[in-house]
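Give me a model of this one.
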Amino acid sequence: MINVAPAIVILGQNSVTVARKIISVLPGATLYGLAGRTSGVDVSFTNFGETLRELFAQGTPLIGICAAGILIRTLAPLLSDKQQEPPVLAVAEDGSAVVPLLGGLGGVNDLARRIAEVLDVKPAITTTGYLRLGTTLLSPPPGYHLANPDDAKKFISDVLAGAQVKLEGIAPWLSDSKLPIDPKGDLTIQVTERLVTPTANCLVYHPATIAIAINDTIDNPVTLVQQLLADAKLEKASVAGIFAPITAANPTIHAVASALGVPARFFTPNQLESLLSQGYSPAQAAAIAATGTSPLSSSSADVAIAIAPQPIDPNTIGQPRGRLAIIGTGPGGSQWMSPEVKEILKSATDLVGYKTYLDLIGSLADGKQRHESDNREEEARATFALDLAALGRYVAVVSSGDPGIYAMATAVFEVCDRYAKPEWESIDIHVAPGISAMQAAAAAIGAPLGHDFCAISLSDILKPWSAIAQRIAAAAEADFVIAFYNPVSKERTWQLAEARNILLRHRTPDTPVVLAQNLGRPGQTVKAIALDQLTPASADMRTIILIGSTKTRTIKRSDGNLWVYTPRRYIE
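Numbering: from 1, shown residues only. Model (predicted):
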């Protein structure tokens with residue numbers, strides 16, 4: 001059973017096609033490529049050995065599209081406990097061979113079969129137990145938990161030596177295998193959600209058949225749920241998930257789910273309407289909706305426990321808590337995108353944003369639902385994203401630069417404050433910062449933001465020009481370095497000239513001004529001019545302007561260019 005998304009590691013561009021085929025059956029997998037030899041990958045690395053060993057130590061399943069020997073020699077120093085090692089497979093560059101190497105107890109053979117199927121080859125599985133029994137008793141499929149793995153090695157050896165197995169309980173993956181099942185067998189496999197004491201001759205599997213539904217009004221919910229399980233003599237390893245009405249999607253629910261290590265899932269009022277009309281409490285209705293069976297008699301109106309006849313997959317029931325991430329991709333290329341933002345983009349189901357910004361994401365947008373809108377429709381975009389997240393989707397609202405600086409983070413919170421729809425209360429909202437345009441512009445030419453600075457937008461769409469002019473004058477008088485955002489557009493040209501005139505009342509004509517256009521994108525230019533040379537023709541909406549303070553300096557370079565910086569000390 002693979003619980004962690006695998007890493008696919010390639011050393012050359014020829015392996016990308018095979019890697020993409022593998023990713024198609026392994027959603028969430030990350031493609032690692034050797035820097036300088038690969039492009040279009042999720043993560044670039046320079047040191048193969050360090051990268052591989054770090055991923056292995058983290059428990060990440062590894063799929064190396066390379067020679068098996070390379071993987072073996074690289075990971076050999078870390079091999080110590082096969083109970084803990086993640087799956088490791090080698091795949092031929094042309095996809096002609098899939099060889100499981102490590103992680104027999106971690107589901108490597110099942111992983112190999114999935115990969116081999118999409119590549120249309122046979123996996124090179126050599127595990128005796130798997131070949132003869134048609135299953136791996138130490139690595140049960142999703143929905144089952146082995147209670148006593150320490151007893152499994154001898155148990156399997158006895159079966160391979162000819163012992164018969166008595167099966168108690170229902171588990172198709174066992175009854176359909178090649179196990180020598182006999183009602184009078186000396187060995188026993190027990191499948192139950194009840195608390196039992198395993199023995200050396202009896203393997204116990206706990207199926208994920210228990211659904212726990214709770215309201216958000218109870219005190220000490222974790223303690224209460226654990227006590228109810230104990231009183232009913234139920235094994236917590238059989239709990240498949242925590243279920244609740246969507247209106248109860250708050251930290252209480254997630255605290256219980258976290259304590260039991262299971263997902264939380266939610267039902268909308270429409271999904272529970274019929275059961276509620278029959279007199280069931282919201283918790284009881286959620287338990288029935290999750291399992292199709294009535295709650296146990298020990299259940300209460302606030303906590304209901306129900307047992308399904310077979311394992312349930314919580315990912316197919318109800319909906320998850322909606323998530324909304326407002327991310328900043330930086331001013332341009334992916335090299336300025338933070339690891340946090342890349343992880344969000346990999347996990348998100350939907351991308352919402354201005355088309356230009358979505359295009360900047362590149363391959364990280366592959367497989368996602370794109371929802372494009374005009375750059376001036378911020379409120380409508382924010383409302384749409386919140387409504388989408390309320391349906392249980394993981395939505396990434398994409399801004400360039402930093403999302404909290406003249407961008408979509410503010411728009412989302414403005415909409416939340418203004419409209420406050422009840423269904424938005426359950427959404428997990430997160431802001432992921434990005435490198436701002438003023439930071440990128442400053443870095444490209446030196447350190448003009450080296451002392452106190454401020455940012456002012458010259459757009460008078462959302463605020464009057466009188467307020468903008470007042471702020472420019474105040475910032476100039478206070479001797480701040482000033483970053484001008486949104487300097488000009490097709491409809492707005494005179495504002496930049498007026499801003500320059502205000503500045504010249506407080507700054508000398510030769511004050512350094514940095515003009516940075518198309519940062520991180522094709523056609524990037526960064527240059528310095530004097531303040532009196534600043535005109536509306538100097539900039540457009542893709543330009544960030546940095547106005548130096550009275551202390552800002554320039555350094556002429558031998559190639560004719562300039563460094564611009566603002567000293568940290570004001571006293572010479």
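
now the helices for the stretch 151-300 of the chain?
Counting by DSSP state H, counting those that start in this stretch, the stretch 151-300 of the chain has helices at residues 152-160, 172-175, 221-231, 251-260, 269-277, 282-291.

Check the ones you listed for me and report the most buried one.
helix 282-291 (a mean of 26; mean count of other CB atoms under 10 Å). From N, CA and C alone the C-beta is placed, and that goes for glycine too.

so what does it touch, helix or strand wise?
Secondary-structure packing of helix 282-291 (3 or more CB pairs under 8 Å, 6 or more residues apart in numbering; DSSP states H and E): strand 210-214, strand 239-245, strand 264-267, helix 269-277, strand 303-307.

can you list these in JSON lines and add mean pLDDT?
Listed next are the helices and strands packed on helix 282-291 as JSON lines, based on pLDDT from 0 to 100:
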{"stretch": "strand 210-214", "mean pLDDT": "95"}
{"stretch": "strand 239-245", "mean pLDDT": "95"}
{"stretch": "strand 264-267", "mean pLDDT": "93"}
{"stretch": "helix 269-277", "mean pLDDT": "93"}
{"stretch": "strand 303-307", "mean pLDDT": "95"}
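
I'd like to know which of those is closest to P61.
strand 239-245 (22.9 Å; CB to CB).

So what touches that closest one?
The contact list for strand 239-245 (CB atoms under 8 Å, 6 or more residues apart in numbering) reads 143, 208-216, 229, 253, 256-257, 260, 262-269, 272, 282-283, 285-287, 289-290, 308, 311-314, 317-318.

List the neighbouring strands of it plus their orientation.
Strand 239-245 pairs in its sheet with strand 210-214 (parallel), strand 264-267 (parallel), by DSSP bridges.

quick one, which of those strands is nearest to A68?
strand 264-267 (40.4 Å).

So which bits of whichever helix or strand A475 is part of are buried?
Using DSSP states H and E, the element containing A475 is helix 465-477. By 16 or more other CB atoms under 10 Å, the buried positions in helix 465-477 come out as 468-469, 471-472, 475-476.

Retrieve the pLDDT associated with D176.
Per-residue confidence at D176 stands at 83 (pLDDT).

again, but for T554
T554 carries a pLDDT score of 96 in this model.

Show me the contact partners of the helix or strand containing it.
Per DSSP H and E: T554 is located in strand 553-556. Here strand 553-556 makes contact (CB under 8 Å, 6+ apart) with 446, 512, 528, 562-567.

What subset of those residues is buried?
Here, 16+ other CB under 10 Å leaves 446, 512, 528, 562, 564-566 buried among these.

Dump these to TSV, plus secondary structure, pLDDT and distance to G520.
Below are those laid out as TSV (DSSP: H, G, I helix; E, B strand; the rest coil; pLDDT from 0 to 100; distance: CB to CB, whole Å):
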residue	secondary structure	pLDDT	distance to G520
G446	strand	97	17
P512	strand	97	22
A528	strand	96	19
L562	strand	92	21
V564	strand	97	19
Y565	strand	97	21
T566	coil	97	23
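
Put together a markdown table for the residues you listed, with distance to I545 on each row.
What follows is these, written out as a markdown table (distance: CB to CB, whole Å):
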| residue | distance to I545 |
| --- | --- |
| G446 | 15 |
| P512 | 11 |
| A528 | 11 |
| L562 | 16 |
| V564 | 12 |
| Y565 | 17 |
| T566 | 15 |
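
Now the two most distant members of these.
Maximum pairwise distance among the buried ones among the contacts of strand 553-556 (CB to CB): 13.6 Å, between L562 and T566.
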